[in-house]
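Engineer: Provide a 3D model corresponding to the input given below.
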Amino acid sequence: MYDVRTTELRPEKIRVEMKDIQSQRDYRKIPINKVGIKNIHYPITVLDRSKSVQNTVATINMYVDLPHKYKGTHMSRFVELLHLFRPEVSLKNIAAILNRMKDHLNAESAHIEVAFPYFIEKKAPVSNAPGLMDYTCRIVGSNDPSGKIDIISEVIVPISSVCPCSKEISDKGAHNQRGEVRLSTRFKKFIWMEDMIELVENSASCDVYSVLKRVDEKWVTEKAFSNPKFVEDIVRDIAEKLKKDDNITWFSVSAENFESIHNHNAYAHITGS
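Structural biologist: Numbers count the residues shown, from 1 in each chain. Take a look at the predicted model:
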């Protein structure tokens, strides 16, 4: 008789017999600086200044170093780690995630990049018509072999600008365009994404809205026209404010205008501490 019990595959037996290829020796003696996963989409919860928390979907990259003696890393462990911290992935717990990455993957250094859309309700300047503005936000963190943790917070903010030169030389009007400011900061204490966004918007010719009635269009057009700025002005104004903030230890700010009358973009960048 055929006894099925003698051919049964038990899960524990499978685990014992399967080879761990990643942990095998590699004889090329070349360490790898970063190895891991990229572009994993994952639901997360981030801190929201007005509503306590906000649910969004992030694109996440995670890496560790790989010593020269190992053939590979265990890719599935990165996703397992995300599930442990689900759903909150924020500035508050990035350090804990990096520490767990090093422990879980037997690594000396760990890196994580989290990019996500962040929504803020913004009312039109005159009619007060509500609308949602979306901003791209990023958290970039690393934990080096000495255990030093480095965290950078970044926001990408749409703006509008009017060219001072065009306004000066034109009898009627001035060319204006939409642009984008990318602001990255290191800091001593927690910093709200909303504060970084407001800092950028207040430094532009005018900020951008999702909903505008006719009275609002008149207001933003006239405000921008009365407040012309080059990309150079925008990054300098932001840098000047950041240098006065004792909480900011380092910053990088760039402005790019999607020019309306040129076949190129205008760009400026400042890094400071």
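Engineer: from now on I want contacts and neighbour counts done on CA atoms only, so please keep to that.
Structural biologist: Will do.
Engineer: low pLDDT regions in this protein?
Structural biologist: The model of the chain has pLDDT under 70 over residues 1-17, 19-26, 87.
Engineer: that one: strands as residue ranges?
Structural biologist: All strands of the chain, identified by DSSP state E, fall at 32-48, 52-66, 110-123, 130-143, 149-162, 176-187, 206-207, 248-257, 266-272.
Engineer: closest to Phe85 out of the ones you listed?
Structural biologist: When the strands of the chain are compared for distance to Phe85 using Cα to Cα, the nearest one is strand 32-48, at 9.2 Å.
Engineer: would you indicate which residues of that closest one are buried?
Structural biologist: For strand 32-48, burial by neighbour count (16 or more other Cα atoms under 10 Å) applies to 35-37, 42, 44-48.
Engineer: try stretch 243-261
Structural biologist: 248, 250-259.
Engineer: just how off-centre is stretch 143-153 within its chain?
Structural biologist: Counting by Cα atoms, centre = their mean, to the nearest Å, stretch 143-153 is centred 16 Å from the centre of its parent chain.
Engineer: now stretch 182-192 - C-alpha only, PDB.
Structural biologist: Provided in PDB are the C-alpha atoms of stretch 182-192 (Å, rounded to 0.1, in the frame of the first residue of the first chain):
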ATOM      1  CA  ARG A 182      12.800  72.200  -3.700                       C
ATOM      2  CA  LEU A 183      13.800  72.800   0.000                       C
ATOM      3  CA  SER A 184      15.700  70.300   2.100                       C
ATOM      4  CA  THR A 185      16.700  70.800   5.700                       C
ATOM      5  CA  ARG A 186      18.500  69.200   8.600                       C
ATOM      6  CA  PHE A 187      17.300  70.400  12.000                       C
ATOM      7  CA  LYS A 188      17.700  70.000  15.800                       C
ATOM      8  CA  LYS A 189      14.100  69.600  16.700                       C
ATOM      9  CA  PHE A 190      11.100  68.300  14.700                       C
ATOM     10  CA  ILE A 191       9.900  70.500  11.900                       C
ATOM     11  CA  TRP A 192       6.500  70.500  10.300                       C
END
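Engineer: identify each buried residue in that stretch, please.
Structural biologist: So, applying 16+ other Cα under 10 Å, buried residues of stretch 182-192: 182-187.
Engineer: any chance of those in a markdown table, with distance to Ile197 too?
Structural biologist: Formatted as a markdown table, the buried residues of stretch 182-192 follow (distance: Cα to Cα, whole Å):
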| residue | distance to Ile197 |
| --- | --- |
| Arg182 | 10 |
| Leu183 | 9 |
| Ser184 | 11 |
| Thr185 | 12 |
| Arg186 | 15 |
| Phe187 | 15 |
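Engineer: which two of those have the greatest separation?
Structural biologist: Maximum pairwise distance among the buried residues of stretch 182-192 (Cα to Cα): 16.4 Å, between Arg182 and Phe187.
Engineer: can you pull the contacts of Lys189?
Structural biologist: Listed by Cα atoms under 8 Å, 6 or more residues apart in numbering, the contact partners of Lys189 are Asn247.
Engineer: go on, Asp207?
Structural biologist: Here Asp207 is in contact with 158-160, 201 (Cα under 8 Å, 6+ apart).
Engineer: so what sits opposite it in the bridge?
Structural biologist: As for beta bridges, Asp207 partners with Ile159 under DSSP bridges.
Engineer: re the thing from before, out of the contacts of Asp207, which is most surrounded?
Structural biologist: Pro158 (25 neighbours; other Cα atoms under 10 Å).
Engineer: quick one on the thing from earlier: dump the strands of the chain into TSV; add distance to Ile169 as well.
Structural biologist: Formatted as TSV, the strands of the chain follow (distance: least, Cα to Cα, whole Å):
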stretch	distance to Ile169
strand 32-48	44
strand 52-66	45
strand 110-123	34
strand 130-143	34
strand 149-162	13
strand 176-187	14
strand 206-207	21
strand 248-257	20
strand 266-272	19
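Engineer: what's the closest of those strands to Ile94?
Structural biologist: Between the strands of the chain, strand 130-143 lies closest to Ile94; by Cα to Cα that is 6.8 Å.
Engineer: kindly provide the distance from Cys165 to Gly131.
Structural biologist: 33 Å (Cα to Cα, to the nearest Å).
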